[in-house]
Structures are given as C-alpha cells and as structure tokens.
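Engineer: give me a 3D structure for the following:
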Amino acid sequence: MTLNAILRAPIAPRAPAPVSGYQPVSVEILGAVGVLPCDVFLVHGGRAVLYAARGSDALDVLQRADAGVALCIHGEDSELLRRGLSKAVSRILADQSLPPVERSRRAYGVMTYVMGPILSHESQVDRGGLDDASVAVDALMGGLTTGNDLVWSMVSTMNRHLSTHTHAINTAVYAVLAAQALGYGPDEIRDIGRGALLHDIGKNRVPPAILDKPGPLDEAEWVTVRSHPQIGFDIVVRAMGAEPSYAKIIAEHHERADGSGYPHKRLGKEVGKPSRLVAIVDAYDALTSARSYKGAMSSYGALWTMRFQMRGQFDARLLSAFVGVLGGWEKLKKADLRNLELPPPEA
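Structural biologist: Okay, the predicted model is just below:
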C-alpha cells in the first residue's frame, strides 16, 4: 500500500475482534497517527504477532503493509490510540500537502473514531475520554475559520446519516462556525465547541430500541428520551469531578425560547446564550440528516421549517446569524436563505 493510498483511504469501522483481548484496527486509522502510541500486532494463524513497536513512525510502518492485512492492538491500549488520534487532528488540518477536502475528510474520520466509544450505549465515560474529546474538538476549532475553504470542505464531508457520534461532530462544527460569526471570544468558542460535541452524551443511557425506533414514540418512550439532557449533564460532572464550564449546554440544549422545550421548559433568556445557539445547530443537523423513520431535509427546507413551522422556538437573532454562516457555502448560495419570507422553491 502506497503512502498516498493510506492518506486517501476512508477511515474503516471497527470489525469483530479477531483475537481475544485484542482490538482490530485498520491501516487507514493508523495512517492518521504520526507516531504509533502503542504496539501494533499482525493477526496470523489466529494469533497476534508483534508487527510494530510503540514509538515507530506510523507511515513508515504502514508502507510495508500488504493490502488487506489484519492488524490489531491490545484492548487495554485502545485509550492510548484514541489519545494519539485526538492529538493528530491539528496536524491533519494543518497539512498543506493535502487539499482541504482531504484534510477535512481525515479529520472528520478521526473525530468519529475518537467519539464512538464515548457515545456508545452504556459506555463508561471517564475523565480521560472526555479530555481526549476536548483535545480533538479544540484542534478542530483551531483549524476552522469562517469563510475559508477548509470550513466548507468540512461541511461537505459531514455524514448525512444521523447517528449519535456523527451528529455530535456535525453539531460542534456548525456551533463553532456560528460562534465565530457572532464574535465570541476564544474561551467561549472553546466551551461552545465542547458542549456541542457532548450535547447528546446522555443518549448513551437511552435504549437503542427507542433511539432507533422506526416510527413515533409513545409517551413513556418520550419520557425516557427527554431525560437525556439531565443524564448527560450528570455524566459529565461525575466524570470530571466538578461542573465544567460547558456543562450547562448539555443540560439546556433542548430548551426552547417559547418554553416548549425540555427538561425544565425554561423561557427565552432563562436559557444561556451558548445553549440557545447549540439548540439551533442541533436542530438544523437533525433535520438535514436521515433518520430511521424519515429522509433528510434540504438545507433550505430545514431553515424554512425552523423559521416558520417551529416559529418562536429559537432565538431569532441567533437563527439569523446561523443562516448568514450557511450563506457562505457555495451550494447554499443558490437559494436565497437570507430572505426566509419567500416560499421555498418549487421541487
């Protein structure tokens, strides 16, 4: 496998463990790490044989790998790999040898890998995992500046099928861009990015049968779903040992300006401004992503729905600013998104 092929290959999902006590890992995901943060093993004859030692140059090692080679790491080293990947995001985004679309695609893939275990059902969330997530989203935030090519490459890279971890990354990207456009300071943008990334962490305590139900939820199921903001807040506070500055975003991201939200039905400015902003980008990404019971809306359709069918639920000034951010994307410029008084274009 050539170096170019490694850099351009998609981030492969995890497969069933080939050897007890080991976790499979693709050459693609290892290609995102500059230096191997742990030993890597080759699966041969049902056994794990040492292939490359911790500290080796990852790309030098992977250039020797045959196509389709099965590699794995010790299960206990999975945290080391995620930590190495979280630190790799800034390097990937800064790599001028790759075009923006390649940098954004690989950063998105690494973010997905880092976030997957944190947001998986019934995962044990600890401070180390949350710190890794923070390092990754902080690096992502540092690489995105409203209006540059990398921003719109990242937006076009977003996975349009809604799942908890891809939705988390999408929401963080949109939230950071909107916060920049609104003139927030670095510390506020950092908290908005972290809170947006972790806003749905409480859903890892909601049964998958409810989250993936192909149809309307009954009242009991809605009660369970509506508990996830408070559960997420509690998870983060418990893991960090104190309430981090972004925790209120997690607790408040489903509150609505007209008091129709949950869990506390707070009105308008009773909800923090960062939470009101994340509520907007959260709803937008959910509407423009496919669910098990509906297709994805167009960007225009989602904004139309939020402005009119969900009238009063969102902070009008923040919503207007978010529409302005999206207007920078060439594909969205074709629709006059700033003039939401017009009816949507004919299909």
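Engineer: all helices for the stretch 201-347 of the chain, in order.
Structural biologist: 208-211, 219-225, 228-240, 247-252, 273-287, 299-304, 316-326, 330-333 (DSSP state H, counting those that start in this stretch).
Engineer: ok, longest helix in the protein?
Structural biologist: Ranked by residue count, the top helix of the chain under DSSP state H comes out as helix 100-119.
Engineer: C-terminal to that one, what's the next element?
Structural biologist: Using DSSP states H and E, the helix or strand that follows helix 100-119 towards the C-terminus is helix 127-143.
Engineer: which strands and helices lie in contact with that following helix?
Structural biologist: helix 78-94, helix 100-119, helix 164-181, helix 186-197, helix 228-240 (3 or more CB pairs under 8 Å, 6 or more residues apart in numbering; DSSP states H and E). In this view, the C-beta of every residue, glycine as well, is placed from N, C-alpha and C.
Engineer: right, so these: which one is the most enclosed?
Structural biologist: helix 164-181 (a mean of 24; mean count of other CB atoms under 10 Å).
Engineer: hang on, the earlier thing: dump the helices of the stretch 201-347 of the chain into TSV; add mean pLDDT and distance to Leu42 as well.
Structural biologist: Shown next, in TSV, are the helices of the stretch 201-347 of the chain (pLDDT from 0 to 100; distance: least, CB to CB, whole Å):
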stretch	mean pLDDT	distance to Leu42
helix 208-211	90	34
helix 219-225	95	44
helix 228-240	96	35
helix 247-252	98	41
helix 273-287	95	39
helix 299-304	86	45
helix 316-326	87	46
helix 330-333	40	43
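Engineer: ok, which of the ones you listed comes nearest Ala32?
Structural biologist: Nearest to Ala32, of all these, is helix 273-287, at 23.9 Å by CB to CB.
Engineer: remind me what the closest one packs against, helices and strands.
Structural biologist: Partner elements for helix 273-287 (3+ CB pairs under 8 Å, 6+ apart): helix 164-181, helix 186-197, helix 247-252, helix 299-304, helix 316-326.
Engineer: of all the helices of the stretch 201-347 of the chain, which lies closest to Ser104?
Structural biologist: Per CB to CB, nearest to Ser104 of these: helix 330-333, 15.0 Å.
Engineer: pLDDT score for Gly193?
Structural biologist: Listed pLDDT for Gly193 reads 95.
Engineer: what's the answer for Ser86, then?
Structural biologist: Reported pLDDT for Ser86: 93.
Engineer: figure out which of the helices of the stretch 201-347 of the chain is closest to Asp39.
Structural biologist: helix 228-240 (27.7 Å).
Engineer: could you give the angle of that closest one to helix 273-287?
Structural biologist: 120 degrees (axes from the mean of the first three to the mean of the last three CA atoms, to 10 degrees).
Engineer: which helices and strands does helix 228-240 pack with?
Structural biologist: Counting by 3+ CB pairs under 8 Å, 6+ apart, helix 228-240 packs on helix 127-143, helix 247-252.
Engineer: if anything else comes up later, I'll come back, but that's it for now.
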